[in-house]
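predicted model, plus sequence, below.
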Amino acid sequence: MIGYVTLGTNDLKKSAAFYDKLCAEMGMGRFMENDRLIAWGGPGGGAGFGIALPYDGKPMTIGNGVMAAFGAKDKAHVEQIHKLALSLGGSCEGPPGPRGDSGFYAAYFRDPDGNKLNAFVMG
């Protein structure tokens with residue numbers, strides 16, 4: 001059910017050097033990257049693990065920048081999951097829509113405790 005996991009970092013370059021090697025050991029290579037995030041995945045699959053500078057611009061701390069993502073069936077399913085989360089007391093952290101030009105479609109939300117989650121589909 002979990003689509004991928006993202007951990008925060010304060011130094012993307014230093015963290016990337018560490019995870020490039022660690023992920024290579026597990027058969028994963030870089031899947032996508034930009035100026036604030038790098039994600040690794042295995043052959044024939046999507047990203048499984050990523051690191052990112054926290055979206056809010058604040059320093060990474062334990063938990064800040066951490067997010068669990070749920071793989072959806074399609075774009076309609078992403079929208080359905082987001083709507084359900086909000087109806088259950090969650091709060092919106094980013095409405096459903098494309099992110100970048102890689103075919104990544106996602107919706108971001110927090111649970112009632114404030115944990116950041118998303119639902120996504122690739123392609």
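Structure's in. What do you need? None of these values were measured; they are calculated from a predicted model. Numbering: from 1, shown residues only.

contact partners for the residue most central in space within the chain?
What sits nearest the mean C-alpha location of the chain, by Cα atoms, centre = their mean, is T6, with 5.2 Å. Residues in contact with T6 (Cβ atoms under 8 Å, 6 or more residues apart in numbering) are L37, A39, F49, G50, I51, A52, G65, V66, M67, A69. The way it works is simple: take the backbone N, C-alpha and C, and place the C-beta from them, glycine included.

closest one of those residues to V78?
The closest of these to V78 turns out to be A69 (Cβ to Cβ; 10.6 Å).

list the contacts for the nearest residue to that closest one once chain neighbours are set aside?
Closest residue to A69 apart from its sequence neighbours, by Cβ to Cβ, 6 or more residues apart in numbering: G3 at 4.3 Å. G3 makes contacts with G46, A69, F70, G71, F120, as judged by Cβ under 8 Å, 6+ apart.

ok, now with 10 Å
G3 sits next to 46-48, 68-72, 106, 118-122 when contact means Cβ atoms under 10 Å, 6 or more residues apart in numbering.

quick one: the residues you listed as CSV, columns for distance to M28 and neighbour count too.
Putting the contacts of G3 into CSV (distance: Cβ to Cβ, whole Å; neighbours: other Cβ atoms under 10 Å) gives the following:
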residue, distance to M28, neighbour count
G46, 11, 18
A47, 9, 24
G48, 6, 17
A68, 18, 15
A69, 16, 20
F70, 20, 16
G71, 17, 15
A72, 22, 23
A106, 20, 22
N118, 20, 24
A119, 22, 24
F120, 18, 23
V121, 20, 18
M122, 16, 17
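
out of these, who's nearest F18?
Using Cβ to Cβ, G48 comes nearest to F18 of the contacts of G3, at 16.3 Å.

strands paired with the helix or strand hosting the closest one, and their directions?
Here G48 sits within strand 47-52, counting by DSSP states H and E. When pairing is defined by DSSP bridges, strand 47-52 lines up against strand 2-8 (parallel), strand 37-41 (antiparallel).
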